[in-house]
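Colleague: Build me a model from this:
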Amino acid sequence: QTCALPISLLDPGFPLAVISIWMFRLFIFSVYLIISLQQTLFGSEWITHGFLSKGYMNSSAHNYLAESNGGTYQFTEYGINFMRQVNKDLRVGAQLFGRDLGDIGNSRLNLDWMYADLRLSGSLRLRVGKMFTPMGFHSEGRDIDLLRSTVLLPQSVYFDTFRDNFAFNGVVLQGDQPLLEGLLDFKLFRGGFNMADDAPGMQDLSRFFGPFFLQATQAQMTQAGVPQAFQPNRYSSQNLWGKPTEIQGFRFVWSSANQDWRMGYSEFSAGSEINGEILLSPGAIRLPFSAPLRINKFSILSAEYNWNRFKATFERLDNKMNLAGNSLIMEGYYHQLEYRLDETKELSFSYSQFYPFVEKGKGSGWAPPGFPDHRSYQTDRGLSLRVDLNNHAVLKLEYHWMNGTAQLREVLNPIWQDQRNWEMFLIKTTIKF
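Modeller: From the prediction side, this is the model:
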């Protein structure tokens, strides 16, 4: 059953939101800051770039990523980065980044990444600082909107909610080596990251913790003779916080000599401890907890083929975790086919699936108590059009046909709608300088 999408591109508020006064002021301030830092403080040796994006999203049901049901303009990204080649072996760089995606970011400007990159010998380099975890094809360049044809990266593999949690402080040893008439690029990394108490990733972890505590409480109450009608049947997590997380991993990407094939595999493991409270309802039962969290293997398998005007990409995510002795398995993948219509336009079609509770049996329909069965999966068919307006501006239009609700955030959907089929429209403009 198809869901009607109440969207009008003729909405008189749309142009004002895309080119708003505050956005223009921010753009002017960014340009002024760039000129001042480069010419007045640092001189011409610094290379400076920036970008500014504004978007709109509207979903026919449910709130996805933001309060999208009915439409929202809370879809903004901006950043300024600075690079300098200190000498032939050393380069340094940093980026300031801000975004507003519903309750995420709220346009706060943060230090996104900062590193020093030292060439040891040949192609072997050592990078130290704050960096994005090198996973898959897109994790390190996910901020560069002009590198891809879509508005959203496939969410079955690249979660926008957890974007900020994939930046770590540590070291990366990287290099490349000729292999099989191509080039093998490798990165070995180790470090740690802190997950802020108010980070959206912490809020969303309730769907993993809640079921275990709810089921355990129900079992104890049943054993004590409490009728089922008087037992709690819903949960939510509150006051979550995590200890610093240690992470280590690697990524290998092989590219053919003529650049038509690219294949890769990346993996990391991590360990932490999650603390907080579980609130069970009805009854307002509060259960404090402290649970060790171990990511045994978070891996992405990647493949890409370029032919003429076509590009086909496949990536698969597998995440095996252990929370307080309970096994959690997550799986996601996507196929994407892109076609360059001409020099300024590109069309893209994607198909993805995501399963958050594979340990319960993929396709079994199991969902946390109190939720419909479509909470256990999400299928996404997406169609995107990219138009390069000039060398500095891009416009993207995107439509999604969804089946399932596995990636909806509970904090945005306090009242769960029993609607498995829904749709979403997005439009986004990006300016680079």
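Colleague: any idea which element the residue located most distally from the centre of the chain lies in?
Modeller: Distance to the chain centre peaks in the chain at Gly225, reaching 44.8 Å (criterion: Cα atoms, centre = their mean). Taking DSSP states H and E as the definition, one finds Gly225 inside no helix or strand.
Colleague: Quick check on it: phi, psi?
Modeller: Main-chain torsions, Gly225, degrees, to the nearest 10: phi 90, psi 10.
Colleague: In the protein, which strand is the longest?
Modeller: Counting residues, the longest strand in the chain under DSSP state E turns out to be strand 285-307.
Colleague: So what are the sheet partners of that strand and their directions?
Modeller: Strand 285-307 has the following strand partners under DSSP bridges: strand 261-281 (antiparallel), strand 310-323 (antiparallel).
Colleague: what sits up against the helix or strand just after the last one?
Modeller: Okay, so that is strand 310-323. Downstream of strand 310-323, the next assigned helix or strand under DSSP H and E is strand 326-340. Strand 326-340 has contacts (Cβ atoms under 8 Å, 6 or more residues apart in numbering) with 149-150, 154, 156-157, 208, 212, 309-322, 346-359, 362, 380. Yep, even glycine has a C-beta here, placed from its N, CA and C like the rest.
Colleague: What remains of those residues if I keep only buried residues?
Modeller: The neighbour-count criterion (16 or more other Cβ atoms under 10 Å) marks 149-150, 154, 156-157, 208, 212, 311, 313, 315-321, 346, 348, 350-358, 380 among the contacts of strand 326-340 as buried.
Colleague: mind checking pLDDT for the residue lying closest to Phe137 once chain neighbours are set aside?
Modeller: Nearest non-adjacent residue to Phe137, counting by Cβ to Cβ, 6 or more residues apart in numbering: Ser302, 5.2 Å away. We have a pLDDT of 98 for Ser302.
Colleague: Ser302 contacts Phe314, correct?
Modeller: Yes. In this structure Ser302 lies within contact range of Phe314 using Cβ atoms under 8 Å: 7.4 Å.
Colleague: Would you check how far apart Gly332 and Phe166 are?
Modeller: Relative to Phe166, Gly332 is positioned 15 Å away (Cβ to Cβ, to the nearest Å).
Colleague: Poorly predicted segments of this structure, please.
Modeller: 1-44, 194-214, 216, 234-244, 278-284, 289, 324, 363-364, 369-370 (pLDDT under 70).
Colleague: Where does Asp164 sit: helix, strand or coil?
Modeller: Following DSSP: H, G, I helix; E, B strand; the rest coil, we place Asp164 in the helix state.
Colleague: How much space separates it from Glu423?
Modeller: Counting by Cβ to Cβ - Asp164 and Glu423 are separated by 28 Å.
Colleague: before we move on, what about Pro292?
Modeller: With distances taken as Cβ to Cβ, Pro292 is found 40 Å from Glu423.
Colleague: Just give the number of residues close to Asp145.
Modeller: 23 (other Cβ atoms under 10 Å).
Colleague: In this structure it contacts Asp388, no?
Modeller: No. Taking contacts as Cβ under 8 Å, Asp145 lies outside contact range of Asp388: 11.8 Å.
Colleague: Between those two, which contacts overlap?
Modeller: Val394.
Colleague: before we move on, back to that, with respect to Val253, which of the strands paired with strand 285-307 lies nearest?
Modeller: strand 261-281 (3.7 Å; Cβ to Cβ).
Colleague: Put the alpha carbons of the closest one into CSV.
Modeller: The C-alpha trace of strand 261-281 is given here as CSV (Å, rounded to 0.1, in the frame of the first residue of the first chain):
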residue,chain,number,x,y,z
TRP,A,261,37.5,-1.8,-9.9
ARG,A,262,37.7,-0.9,-6.2
MET,A,263,37.3,-3.5,-3.4
GLY,A,264,37.9,-3.2,0.3
TYR,A,265,37.4,-4.6,3.8
SER,A,266,37.5,-2.7,7.1
GLU,A,267,37.1,-3.9,10.7
PHE,A,268,37.4,-2.6,14.2
SER,A,269,36.8,-3.8,17.7
ALA,A,270,36.1,-1.7,20.8
GLY,A,271,35.2,-1.9,24.5
SER,A,272,33.4,0.4,26.9
GLU,A,273,30.9,0.4,29.8
ILE,A,274,27.4,1.9,29.7
ASN,A,275,25.7,3.3,32.8
GLY,A,276,22.3,4.8,33.4
GLU,A,277,18.7,4.0,34.3
ILE,A,278,16.0,1.9,32.6
LEU,A,279,12.5,3.3,33.1
LEU,A,280,9.8,0.6,32.9
SER,A,281,6.1,1.6,32.5
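Colleague: Run the chain-centre distance for it.
Modeller: Distance, stretch centre to chain centre, for strand 261-281: 13 Å (Cα atoms, centre = their mean, to the nearest Å).
Colleague: give the contact list for the nearest residue to Phe189 once chain neighbours are set aside.
Modeller: The shortest distance from Phe189 to any non-neighbouring residue, by Cβ to Cβ, 6+ apart, is to Val172 (4.5 Å). Listed by Cβ under 8 Å, 6+ apart, the contact partners of Val172 are Leu126, Arg127, Val128, Met131, Pro134, Lys187, Leu188, Phe189.
Colleague: let's go with 6 Å and repeat that
Modeller: Contact partners of Val172, counting by Cβ atoms under 6 Å, 6 or more residues apart in numbering, are Arg127, Lys187, Phe189.
Colleague: In strands, which of these fall?
Modeller: Those of the contacts of Val172 lying in strands (DSSP E): Arg127, Lys187, Phe189.
Colleague: Weed out the non-buried ones from those residues.
Modeller: By 16+ other Cβ under 10 Å, the ones in strands among the contacts of Val172 give Arg127, Lys187, Phe189 as buried.
Colleague: for Tyr305, what are its contacts?
Modeller: Counted by Cβ under 6 Å, 6+ apart, Tyr305 has contacts Trp261, Ala312.
Colleague: What's opposite it in the beta bridge?
Modeller: Bridge pairing for Tyr305 - DSSP bridges - gives Trp261, Ala312.
Colleague: ditto for Tyr56
Modeller: Tyr56 has these beta-bridge partners by DSSP bridges: Ile427.
Colleague: Measure how buried it is and give me the count.
Modeller: 22.
Colleague: And the one 5 residues further on, by the same measure?
Modeller: Burial of Ala61 is recorded as 21 neighbouring residues (other Cβ under 10 Å).
Colleague: I'd assumed Trp422 was in contact with it.
Modeller: Yes. Judged on Cβ atoms under 6 Å, Ala61 makes contact with Trp422 at a distance of 4.0 Å.
Colleague: Check the gap between Met131 and Ala94 for me.
Modeller: The value you get for Met131 to Ala94, if Cβ to Cβ is used, is 11 Å.
Colleague: So for those two, which residue has more residues nearby?
Modeller: Between Met131 and Ala94, Met131 has the larger neighbour count (other Cβ under 10 Å), namely 23 against 17.
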